[in-house]
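# sequence-free structure coming up:
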């Protein structure tokens, strides 16, 4: 099996998508948001990072993290966040034979998707994507109605009007434009 290699860029800002293993009909992340918050906080004490934007959906999350200068190890952070969360929730998920052989839980997809933020335009497009995602997936009609998002902090700081996205071009957001 080929070893998966990720691009390293110390001190960079990254967009991530992290999924549960069983996405259909699963609401574990929003049901156990308290544990997910503890996982993020616990890992941050040992491996610092800044959360620039985040949205937690029932079965996946998107976020933008900025790592400290000289540090490019986002994989360890995600591994620790996932492990902390998995250890602190009740068992009961379906576990494949391969995971069972390795002594793994079946909570998360093994991998995650990352994207190096290239410039200010790329950064803003990914922040918009994060905040629009609950609407895109049909959980709410307006970004302001989803409680598990950094959108509300952006509104408080004046970066977005409260009614942002009510008339947004969906195809542009989906395409990352």
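Structure received. Since we're looking at a predicted model, the values are computed, not measured.
# and residue 101, what pLDDT?
At residue 101, the model reports a pLDDT of 73.
# downstream neighbour of the helix or strand hosting it in the secondary structure list?
Per DSSP states H and E: residue 101 is located in helix 97-102. Going down the chain from helix 97-102, the next helix or strand is strand 113-116, by DSSP H and E.
# tell me the helices and strands packed up against that following strand.
strand 13-19 (3 or more C-beta pairs under 8 Å, 6 or more residues apart in numbering; DSSP states H and E). For glycine as for every other residue, the C-beta is placed from the backbone atoms N, C-alpha and C.
# residue nearest the centroid of the protein?
Most central in the chain under C-alpha atoms, centre = their mean is residue 62, positioned 2.8 Å from the mean C-alpha point.
# still on that earlier bit, can you give me how far the helix holding residue 101 is from the chain middle?
Here the centre of helix 97-102 is set off from its chain's centre by 25 Å, with C-alpha atoms, centre = their mean, to the nearest Å.
# list of residues touching that helix?
105-106 (C-beta atoms under 8 Å, 6 or more residues apart in numbering).
# kindly recompute the last result at 10 Å.
Contacting residues not belonging to helix 97-102 are listed as 21, 93, 95-96, 104-107, 110 [C-beta atoms under 10 Å, 6 or more residues apart in numbering].
# neighbour-wise, give me the winner out of the residues you listed.
residue 107 (21 neighbours; other C-beta atoms under 10 Å).
# go ahead and confirm that one touches residue 84.
No. Using C-beta atoms under 10 Å as the test, residue 107 is too far from residue 84 to be in contact (11.1 Å).
# residue 161 contacts residue 155, doesn't it?
Yes. With contact defined as C-beta under 10 Å, residue 161 reaches residue 155; the gap is 7.3 Å.
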